[in-house]
Structure formats: C-alpha cells, structure tokens
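Asks: here are the coordinates; sequence isn't available:
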C-alpha cells in the first residue's frame, strides 16, 4: 500500500538504467563469443586475444576515474548520454577493425610496434574506444540511483539495474552466434552496437533530476529525500559542488572500495572474456553449440544480482546500520565462489559440472557487486558518489587487466606443454578465493560505518 501512496516513478528510472547496462554488456561480450572464429581467421594466439581484451580493460579502468568526475560535472543526464554514444560507435568500429588497423599502422610503427598485425591493432583501437565510452555506465547509473532512491532501497535498485549485465551476458550467446552465422561477424558488432542509439530516445524523454522531474509526485519526492543526507544536500546543489580526488583518497572508505573492486572485478572480467574460449579449448564447443551452456550460466547470475541486492535488507531490518548489514551479507556472499575450486576436478565428468559451479561463482559476484557499489552511497554524500565509484572502477579495471594478461600467459604456456587444463585450474583457484580476501581487506580498513561529511 505504501508503494501506491508514494508513487513508483523512481522504478522507471531504474528500468532505464537496467536497459543501458544490458546494452553495455551486450556490446562488450560480442568479441569473446566470436574469439574462436576471429582467432582462426586472423591467426591470433591466446596472448594476442589477451592483449586485445586487456586494452579494453586498461582504457576502461583509467577512463572510469575521469568518467565519474565528468559525470559529476556534466550531470547524470548528459554524462550518461555522451558515454553511450561513444561506446556504441566503438562497438560498431569493430566491424571495420582491419581498416582502422591499416590507418593507424604508421602511428604504431612510430612507437616501435612494428610486429603487431593489422587485425590486432584494429581491434585494439576499437576496444579502446569501446572501453572509454563504457566506463561511464556505472558511475552514471550509481549516481542516478543515489538521486532517485533513499539509502534503504539503493542496494535493491542497484541489484535490479546491475542484473542488466546478466541479461546482456545471456542475450549475447543467443544472438551473436546466430547473427554471425547468417550475416557475418561484422554484422554482429554493427547490429548490437546500434542498439544504444534506440535507448537514447527513451533516456532524453524520461530522465530529469528529481528536482526538475515533472512526472515525480510530491509524496515520492519527499520519500526519496527522506534520508538526512537529502535534507542537508538538496538536488539543486549536487552538480554545483566539486570534491577533489586527493581529498577523497584521504579516506579509508575510498580505499576500502578501491581494494574491494581491485581484488574482485577481474573475476567477472575473466568469466566474461574467457569462458567461451574455455568451453572451446576443453570441450570443443563453438558457434551455436556454445549458446545453451553460456545462456544457462549467465541466467543463474540473475538470482545473485537481484537476491544480493535484497539480502542486506534482512540484516538492516534487524537493526544493523546500512553498511554493517551490507558487510555481514557480503561475508556470506564471499563464501559461495569457493565452490569454483571444484570446477576442474569435476569437469571430466560433464561440461555441465563446470557450467553450474562457475554459474554459482558468477552469481555470487553479481550479489557482491550490487552491495559493494552501494557501500559508496552509504558512506559518501551524493556529490562524491560518481567520483568515488570512478576511483573504484579504475581499480577494478586494473585488476581485470592483470587477470586477463595472466590468463593469456598461462593458457599459452600450458597449451605448449599439452596441459592447458592446468592453466584453467590456476585461474579458477584465483577466482574462488578473491572475495574472502577482498572482504577481509575492506573490513580491516573500515571496521564500522562512518558517514563522510564533505
């Protein structure tokens, strides 16, 4: 009944964030699904593919730092739109990667990169543009959530829009191999990349900050502003005030988020970029044959994303403050990825053992992600949320680069020895323990909740 009295327009905004995140993950997932086909066509090694994927992550990581800052300055509406335009163009560029590579080959030669192939160079540049644009998604979405939801609903709203990453990961193996099989791999990049421009129409039509939003009723606006922070910091001042990075880096809360993202984001990147290659290397699955296992695996992550966003509410209702309730939930969530340790030992029985076990680990990551993002808005005022999210996103991207490069090295090394499965066993071990280590570091840095006053 209370939902009817206060209105529901904030959930329309949440839906917009969900669809943007879906498109975001669709665009970044196309390459990994086409990796076996492209590696065969262009003669790529695992290291070549790792380098292409790592460039995306590196640019994404560095850009996250500036994306959060830029969105704090431009505002959510225009910052999000600009990010989506750039990443959609970057996605489409992949179709013309060889042309891009030929164009930039003289520039690469000036920097001594004479051995790089035209195809690798073209995909590296295309991935860089994609990473630069996609870096704006989460800072903008987290900022919009902080604008439209009181603290007690933010982790649930974050879990819902973050589940768009799972939906994107599910739709990609269903759509990309089919498009590639019928119209060629270039069409897959082009068609998926163009989806973002459709989203822009609805974004400009439906989004304004709460103080300017004519569709938002007075009761719902009051509910959104029911937190003490909202009273102290009205919407009209959020965009005007700026907080320096150096000031934010003085706080343990910033470093807690930094290390939490650094130690765990790489796990999700690994699952996104290497699982199609793993299913191909270990079980010989390619094209449409890979669709069902990946769709099942990523469907499982939906439960983690939405359930993980709801989970801390159980502890908050028992009297815990938002941060302490969230950390208690995150400790339990951190234990689930340990099951990934059994993926390789049981993998010889059936492909479905690693698919289900990795699916549980990936689902736990999404539950973790919904909560770690919300720790920022728990402890920082709205004017700093996107900037802190950007700092943590940069850390997560760097962690992803290291995981991707390590994977490429290990897979080529053990493939040469005839034991590529050993490389995957090592990587799955790292993925399994990452969350327990991350939670311990976060708890050490911020043992109890302390709201930052800027």
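Replies: Thanks, I have it. What you see is a predicted model; the values in this text were computed from it and never measured.
Asks: drop to CA atoms for contacts and neighbour counts, all remaining ones
Replies: Fine.
Asks: so how far is residue 17 from residue 165?
Replies: Separation of residue 165 from residue 17 (C-alpha to C-alpha, to the nearest Å) stands at 11 Å.
Asks: ignore the last one, residue 158
Replies: 9 Å.
Asks: same question for residue 51.
Replies: Residue 51 sits 30 Å away from residue 17, going by C-alpha to C-alpha.
Asks: still on that earlier bit, the more surrounded of residue 158 and residue 17?
Replies: For residue 158 versus residue 17, the count of surrounding residues by other C-alpha atoms under 10 Å is larger for residue 158: 30 against 26.
Asks: so what sits against both of residue 158 and residue 17?
Replies: With contacts taken as C-alpha atoms under 8 Å, 6 or more residues apart in numbering, residue 158 and residue 17 have no neighbour in common.
Asks: what's the spacing between the helix or strand hosting residue 49 and its chain's center?
Replies: Following DSSP states H and E, one finds residue 49 within helix 46-74. Centre-to-centre, helix 46-74 and its host chain are 11 Å apart (C-alpha atoms, centre = their mean, to the nearest Å).
Asks: any idea which helix or strand comes after it?
Replies: Per DSSP H and E, the first helix or strand lying C-terminal to helix 46-74 is helix 76-93.
Asks: so which helix or strand takes in residue 282?
Replies: Taking DSSP H and E as the criterion, residue 282 maps to helix 252-283.
Asks: what packs against that helix?
Replies: Judged by 3 or more C-alpha pairs under 8 Å, 6 or more residues apart in numbering; DSSP states H and E, helix 252-283 is in contact with helix 9-42, helix 352-379, helix 382-416, helix 420-445.
Asks: mind putting those helices into CSV with mean pLDDT?
Replies: As requested, these are exported to CSV (pLDDT from 0 to 100):
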stretch, mean pLDDT
helix 9-42, 91
helix 352-379, 89
helix 382-416, 87
helix 420-445, 94
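Asks: now render the ones you listed as TSV, adding distance to residue 292.
Replies: Formatted as TSV, these follow (distance: least, C-alpha to C-alpha, whole Å):
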stretch	distance to residue 292
helix 9-42	13
helix 352-379	10
helix 382-416	24
helix 420-445	21
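Asks: what's the closest of those helices to residue 222?
Replies: Comparing those against residue 222 with C-alpha to C-alpha, the closest turns out to be helix 9-42 (12.1 Å).
Asks: where's residue 441 relative to residue 367, distance?
Replies: Distance of residue 441 to residue 367, computed by C-alpha to C-alpha: 18 Å.
Asks: out of these two, which sits in the more crowded spot?
Replies: Shown here are residue 441 and residue 367; by other C-alpha under 10 Å, residue 367 has more neighbours (30 against 18).
Asks: re the thing from before, quick one: buried residues of the helix holding residue 282?
Replies: Residues 253-281 are the ones in helix 252-283 that count as buried (16 or more other C-alpha atoms under 10 Å).
Asks: also stretch 320-329?
Replies: 321, 322, 323, 324, 325, 326, 327, 329.
Asks: per-residue confidence at the last one?
Replies: Confidence at residue 329, expressed as pLDDT, is 90.
Asks: could you do the fourth one as well?
Replies: Turning to residue 324, the model gives it a pLDDT of 83.
Asks: list the contacts of it.
Replies: By C-alpha under 8 Å, 6+ apart, the contact set of residue 324 is 448, 449.
Asks: name the helix or strand for it, please.
Replies: helix 322-335.
Asks: so after that helix, what's the next helix or strand?
Replies: Of the helices and strands lying after helix 322-335 in sequence (DSSP H and E), the nearest is helix 343-347.
Asks: pLDDT of that following helix, averaged?
Replies: If you average the pLDDT over helix 343-347, you get 90.
Asks: grab the nearest non-local neighbour of residue 400.
Replies: Among residues not flanking residue 400 along the chain, residue 266 sits closest, at 3.7 Å (C-alpha to C-alpha, 6 or more residues apart in numbering).
Asks: correct me if wrong: the one you found contacts residue 405.
Replies: No - the criterion here is C-alpha atoms under 8 Å, and residue 266 misses it with residue 405 at 10.6 Å.
Asks: now do stretch 344-355: distance to the chain's middle.
Replies: Worked out by C-alpha atoms, centre = their mean, stretch 344-355 lies 26 Å from the chain centre.
Asks: give me the distance between the two termini of that stretch.
Replies: Counting by C-alpha to C-alpha, you get 10 Å between the two ends of stretch 344-355.
Asks: can we start the residue count at 26 from this point?
Replies: That works, and once the first residue is 26, the last one we named lands at stretch 369-380.
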